[in-house]
Structures are given as structure tokens and as C-alpha cells.
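Undergrad: Build me a model:
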Amino acid sequence: MSESIERKVPTELGTESVGKLLMQYAIPAIIAQTASSIYHTIDSIFIGHIPDVGALAISGLATTFPLMNLSAAFGAMVGVGGATQLSVRLGQRDYDSAKIILGNLVTLNIIVGIIFAAVALIFLDPILYFFGASESTLPHARAFMEVILYGNIVTHLYFGINAAIRAAGHPKQAMFATILTVCANAILAPIFIFVLGWGIRGAALATILAQCITLMWQIKLLSNPDELLHLQRGIYHLRSNIVKSILAIGMSPFFINAAACLVVIIINKGLRSYSDDGDMSIAAYGISNRIQFIFVMVVLGLTQGMQPIVGYNYGARKSNRVKETLKLTIMWATVVTTLGFLIGELMPATVAKAFTTEEALIDSSVKAMRIMFMFMPFIGFQLVTTNFFQSIGLVNKSIFLSLTRQILLLIPLLLILPLFLGENGVWYSMPISDSIAALLTVIMLIMQFREWRTQKDGIN
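TA: Numbering: from 1, shown residues only. Below you'll find the model as predicted:
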């Protein structure tokens, strides 16, 4: 391998201090993820203060969450699967395969983005009704999602390429891409919503235009021929073996997001069925979910920083570094989710008042936050362990853990508890499933390390 190529390869992943590496890779990802989630929260605040229709607009926005989660599921299937493959191939020093993976990641994102948008636009109204929209909230939900879906290919490319940039050893550039998007969004959204009077449609347009700006910068960054991994001819033709490996690993994040889509649908329908004011309860869930989302995204930033370190060292068979990375990530993730728990329990009214001035919505949001955040400290450990299994290619275990909280636990609880507790049954289903899923995750992680200790070539 030439000296110029050697300098481009992130070999420090296998030699540098794990703590330093985790900070180096995770902090940019955390900043990027937090900035993104805070933007979405601010966007909801803008929407909540649209004159005369703010509360209904927030409720309408909440009914779009399942469709956006489903779109993210397909994007993550390609982006995370491709990024994981890139990290492992770099750890194995298989640079030719890494280049092909990059090209296939781009092609798959284009194909998936177009197909998803086309199908969703054709059936948009029935989909939104099914997701919990009412006659009052449907116009707001449709106005938002039409714009988002027309720009869906941009969204998929933006997130997919950013995952590849991070996996290729450029976490700061990936962070800058997200911050650029957030800043452009934050500037455009209030102009489109309030100055131009485009309302919730303006919020969606600001999101897509901001991603367009960043995508152009990403393409320019990856067009540099001096980089080991760059956009070039001959890498975009889909290779069946690479596509299969990307999709196999990407199935875990796909199921996480798809399950989240199904869960939100059931929550929205449950709140509409068992609440005195379904639109208000759905809006309260939308606000609480936005706040919880901030802390979850910080944890996902930590897991994104963990992924290339674990993937590289697992490929290089450096077991001690793999275990040390996992322990540090779990520790910091638990600190983050505990902070979220304290905010949700001690100051929910202050948080809710940032979104709305309607007392009924504030009261509903306070109740929702205090229940939803009850066992939040456990969520960090569960998310980190799930992503750990994904990063080392144990896809089946990752998928099982992904589905445990949402499919095996939360959905049955959402269907059963409201029969006895009414609306409260919907709210209490969430913390109960969090605690049980965390316990199962502990058991699976212990069993996995025991299995490795019995294998000659496993992690000891």
C-alpha cells in the first residue's frame, strides 16, 4: 500500500486510546445529532405558535411521525448497513471493496428514496388517516408531508452519504454537514412560516432546502480524488453480494424505525379512542416525544461514535478494545438518559410552555412527560447494546433487541392496558416496556460474552 493511501486510512482506530477515540468520534456525532433534534424541536415550537391553528398544527405534525419514521427506516437500512460495512472493510484493509460499498450506498439511496416517495404520495390521505389524523388535523399533516416526500430523495442521500463520511474516518466533516443543515433550517423556517405566511408547509420546505444545500457540500467533499474513498466512475453499479450485506446489517435499524412507526400509529389511535380530546392528547404526545427524542439522539450520537471504533477493532480482532469501547459508551449513555429523566420529572410544565400557551395542552403534556420519562435511564443501555451487536455483524441479536421493546412488549401493552386503565394505559405502557426491555438486554449481553469466552477465536 502506498504511503499516500496509508495516511488516508483511519488506522488510529486500532491504536489510539479508546477514551480519546470515543470523544473524537462521538462528540461530533453528538453535536450533529443534538443539533438536528433541537432543530426539529424548535421547528415544532414555531409550528405550535402559528396564529389560530398552533395546537392543531402540532397534532397534525404528530400524525406524520409514523410516515417519517418509516422513511427513516428505509434510509437507515441503506445508510447504517453501508456505513457498518465500510468500517469493517477498512479494519480489514479491503479498500477496493470499501470503494464499491460507497458507490452502491449512493445508488441504493436514490432507488429507495424515489420508490418510497412515489408510493406514499399516491396514498397520502388514507395513510395519514390511518396514522391518527382527524378532519381537523389532516390539512396540516398533508401540507407538511407533501413537501417532505417531494424532497425524499435528497433526504435519503443526505443521511446516507453523511453516514459514509463518518464511517470513513471523517467525524468532524459529518458533524459540520449536520450543523450546516440545522443552521440553514433555523434561518429559513421562521422566514417561510411567519414572514412569507406559508405555515407548516414552509417548515417542511425549509427542511428540504437546507438538506439540498448540505448535499451539494457533501458531494463536493467526496469528489476529492486525493481521498481514499471518493465518488468515481465504476462504483455505482449494484453488486448483489454487497447489496445483500448492506441490507442484512441494515435490517436492524430498519426494524427499529419500522417498529417505531407501528408504535406511534397505535399510540395515536389509542389516544384518539380513549381520550376525551384526542387531538389534544396526540399533540401532548408529539411535544413529549420531541423532548425525549433530544436525549435519544444524543445516545445515538454516542453509538455512531462507537460504531467505527468497534467495527474496526472487531475486524482487526482486538477484543479488549471492543469491550472497553462498549463499557464507556454504556456509561455515558446512561448519564445522558438520566439527565432526560430529571428534566421530564422535575420541569415538564416549563418545557411544555415553550411549545404552546393553551393551558389544556400544557396540562396534557405535563402528564405525558412525567409518565413517559419514568424509566428513561434504562433506555441508553438498551440502545447502545443493540447498536453494539449491529456494529460487529450479529444482526439477528440486534434485530431481536430492536423488536423487544416495541413489538414484543410495547405493542401488547398498548393494546391491553387501555382496556383497564383508559388513556392512562396508553401512557404507562411506555415506561413499563422500557424497564423490561432493559432487563432482557442485560441478559443477552451477559450470554453473548459467555459464548465468546468458550470460543477460541471469540472475544475474551
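Undergrad: what about the closest residue to P171 other than its chain neighbours, neighbour count?
TA: Nearest residue to P171, sequence neighbours excluded (Cβ to Cβ, 6 or more residues apart in numbering): P28, at 4.1 Å. Using the backbone N, CA and C atoms, a C-beta is placed for each residue, glycine as well. If you count neighbours by other Cβ atoms under 10 Å, P28 ends up with 23.
Undergrad: With L90 instead?
TA: For L90, using other Cβ under 10 Å, the count is 27.
Undergrad: how about it, secondary structure?
TA: L90 falls in the helix class when you classify it by DSSP: H, G, I helix; E, B strand; the rest coil.
Undergrad: Now do the contacts for the closest residue to it other than its chain neighbours.
TA: Ranked by Cβ to Cβ, 6+ apart and with sequence neighbours excluded, the top spatial neighbour of L90 is A98, at 5.8 Å. Counting by Cβ atoms under 8 Å, 6 or more residues apart in numbering, A98 makes contact with Q85, L86, R89, L90, A168, L228, L229.
Undergrad: Farthest pair within those residues?
TA: Across these, no pair lies farther apart than Q85 and L228, at 15.3 Å, counting by Cβ to Cβ.
Undergrad: Between these two, which is the more surrounded one?
TA: Neighbours per residue, other Cβ under 10 Å: of Q85 and L228, the larger number sits with Q85, 28 against 18.
Undergrad: CA atoms only: put stretch 41-57 into PDB for me.
TA: Included here for stretch 41-57 are C-alpha records, laid out as PDB according to Å, rounded to 0.1, in the frame of the first residue of the first chain:
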ATOM      1  CA  THR A  41     -37.900  20.700  18.500                       C
ATOM      2  CA  ILE A  42     -37.600  24.400  17.600                       C
ATOM      3  CA  ASP A  43     -39.500  23.700  14.300                       C
ATOM      4  CA  SER A  44     -42.300  22.200  16.400                       C
ATOM      5  CA  ILE A  45     -42.200  25.300  18.600                       C
ATOM      6  CA  PHE A  46     -42.500  27.500  15.500                       C
ATOM      7  CA  ILE A  47     -45.400  25.400  14.300                       C
ATOM      8  CA  GLY A  48     -47.100  25.500  17.700                       C
ATOM      9  CA  HIS A  49     -47.200  29.300  17.600                       C
ATOM     10  CA  ILE A  50     -48.800  29.600  14.200                       C
ATOM     11  CA  PRO A  51     -51.700  32.000  14.800                       C
ATOM     12  CA  ASP A  52     -55.100  30.400  15.500                       C
ATOM     13  CA  VAL A  53     -54.100  26.900  14.500                       C
ATOM     14  CA  GLY A  54     -50.900  26.100  16.500                       C
ATOM     15  CA  ALA A  55     -52.300  23.300  18.700                       C
ATOM     16  CA  LEU A  56     -54.000  21.600  15.700                       C
ATOM     17  CA  ALA A  57     -50.800  22.000  13.600                       C
END
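Undergrad: That one: which residues count as buried?
TA: 41-50, 53-57 (16 or more other Cβ atoms under 10 Å).
Undergrad: And stretch 398-408, by the same measure?
TA: Buried residues in stretch 398-408, counted by 16+ other Cβ under 10 Å: S398, I399, F400, L401, S402, L403, T404, R405, Q406, I407.
Undergrad: packing partners for the host helix or strand of the fifth one?
TA: Using DSSP states H and E, S402 sits in helix 395-403. The contact analysis (3 or more Cβ pairs under 8 Å, 6 or more residues apart in numbering; DSSP states H and E) places helix 395-403 against helix 240-274, helix 377-391, helix 423-453.
Undergrad: Please identify the most buried of the ones you listed.
TA: Stretch with highest mean neighbour count among the helices and strands packed on helix 395-403: helix 377-391 (a mean of 25; mean count of other Cβ atoms under 10 Å).
Undergrad: So which elements touch it?
TA: Checked by 3+ Cβ pairs under 8 Å, 6+ apart, helix 377-391 has helix 54-91, helix 240-274, helix 278-315, helix 319-346, helix 395-403, helix 423-453 packed alongside it.
Undergrad: Nearest to K220, out of those?
TA: helix 54-91 (19.4 Å).
Undergrad: what is the rounded mean pLDDT of the closest one?
TA: The average pLDDT within helix 54-91 is 82.
Undergrad: thinking again about what came up before, for the residue nearest to P171, what are its contacts?
TA: Contacts of P28 were listed using Cβ under 8 Å, 6+ apart, and they are R166, P171, K172, A174, M175, G305.
Undergrad: L138 reaches F131, doesn't it?
TA: No: using Cβ atoms under 8 Å, L138 is not in contact with F131; the gap is 10.2 Å.
Undergrad: More neighbours: which of the two?
TA: F131 (21 against 16).
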